[in-house]
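Trainee: The sequence isn't on hand, but the structure is:
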């Protein structure tokens, strides 16, 4: 059977959500698909669930790996995929029955490298909350200029609301960075957007993003999360090495500043101090965007009222004035 789309599902300890995800995939109206499930170090009942579904549907391919990062898991899926196009679904999410058929038809009709949906519904505690903004809608079609692509890159780094022509990914060596950070999508997604001939959006079929609040998502960022800077520095290296329009560097720096500022806000005070030193040494271009403006001003100038004195501090030098009644 000709495989029109390889659907890659990275899986790690997903026993609670995996059946709903797989049911939405095996019941797709587009039948010419392969379902590549990459089981990364699961210790719960995930493996047994995958085996059970594989017995029901021969289109399911199971890969067991020990990457311990979603970037590596998705790369193993890319290596094993044989479809004309590549799609991604996270193991705790699901899609409409006609989701991949509509994306595939859109990609073929428009000869585009990427087809995407702007209809991404956030599910929280089992309830539909909102449509997630992904930077473009069908009104923006075709997304084929720097300004239009910029909106997509700045808005989000998600890879799972799209399908990608496989030979396009291979030609441009677009893959995932294998580092332990939740932002690893951004390298893949940003470069795919930059290199794509055009992206065509639909909004008549939906991806359901199930926000699962785990101890990991709630936990403060720690020093291993400093590796987020590697993602953006490597994107900038590609832009330089490929001699791409220098405006792309400004786009990536804007995206980097937003992501890194968010990471900074999710650190405790001690880690923030270390992170600022890390940024100053490795990625000074975004340092001013990360530190709150009032923090910078306070280091330069501040005024404090005391009982009978007013103290003005300028660049660390304190000047005391007696208040005038």
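Mentor: Structure's in. What do you need? The structure displayed is predicted, hence computed values, not measured ones.

Trainee: Need the pLDDT of residue 181.
Mentor: Here, the pLDDT recorded for residue 181 equals 74.

Trainee: show me what contacts it?
Mentor: Residue 181 is in contact with 224-225, 227-228, 231, counting by Cβ atoms under 8 Å, 6 or more residues apart in numbering. For glycine as for every other residue, the C-beta is placed from the backbone atoms N, C-alpha and C.

Trainee: Name the member of the residues you listed with the most neighbours.
Mentor: Among the contacts of residue 181, residue 231 has the most neighbours (other Cβ atoms under 10 Å), with 27 neighbours.

Trainee: sec struct for it, please.
Mentor: helix (DSSP: H, G, I helix; E, B strand; the rest coil).

Trainee: so what's it closest to, chain neighbours aside?
Mentor: residue 187 (5.0 Å; Cβ to Cβ, 6 or more residues apart in numbering).

Trainee: Any idea how many residues pack against that neighbour?
Mentor: 23.

Trainee: Verify the contact between it and residue 178 for me.
Mentor: No: judged on Cβ atoms under 8 Å, residue 187 makes no contact with residue 178 at a distance of 10.1 Å.

Trainee: Could you tell me which residues touch both of those two?
Mentor: residue 71.

Trainee: isn't residue 45 right up against residue 15?
Mentor: Yes: if you go by Cβ under 8 Å, residue 45 and residue 15 touch, sitting 4.3 Å apart.

Trainee: Span of stretch 21-40 from start to end?
Mentor: 17 Å (Cα to Cα, to the nearest Å).

Trainee: Average pLDDT for it, rounded please.
Mentor: 98.

Trainee: Figure out how far it is from the centre of its chain.
Mentor: 21 Å (Cα atoms, centre = their mean, to the nearest Å).

Trainee: Just the ones of the contacts of residue 181 in helices?
Mentor: 228, 231 (DSSP state H).

Trainee: Tell me the one among the contacts of residue 181 nearest to residue 160.
Mentor: Closest to residue 160 out of those is residue 231 (17.2 Å), distances taken as Cβ to Cβ.

Trainee: per-residue confidence for that closest one?
Mentor: Confidence score, pLDDT, at residue 231: 94.

Trainee: how far away is it from residue 263?
Mentor: 11 Å (Cβ to Cβ, to the nearest Å).

Trainee: Now that residue 119 has come up, it's in contact with residue 205, right?
Mentor: Yes: contact criterion Cβ under 8 Å: residue 119 and residue 205 qualify, at 6.7 Å.

Trainee: Between these two, tell me which one has more neighbours.
Mentor: residue 119 (21 against 18).

Trainee: dump the residue contacts of the more buried one.
Mentor: 131, 202-207.

Trainee: How many neighbouring residues does residue 89 have?
Mentor: 23.

Trainee: Equivalent analysis for residue 141, please.
Mentor: If we define neighbours as other Cβ under 10 Å, then residue 141 has 17 of them.

Trainee: cool, residue 247 as well?
Mentor: 12.

Trainee: so what's the residue lying closest to it once chain neighbours are set aside scoring on pLDDT?
Mentor: Distance criterion Cβ to Cβ, 6+ apart; nearest residue to residue 247, sequence neighbours excluded, is residue 146 at 5.8 Å. Residue 146 carries a pLDDT value of 98.

Trainee: Residue 146 reaches residue 248, doesn't it?
Mentor: Yes: judged on Cβ under 8 Å, residue 146 makes contact with residue 248 at a distance of 7.2 Å.

Trainee: related to what we said a few turns ago, tell me the one of the contacts of residue 181 nearest residue 270?
Mentor: The closest of those, once distances to residue 270 are taken by Cβ to Cβ, is residue 225, at 13.9 Å.
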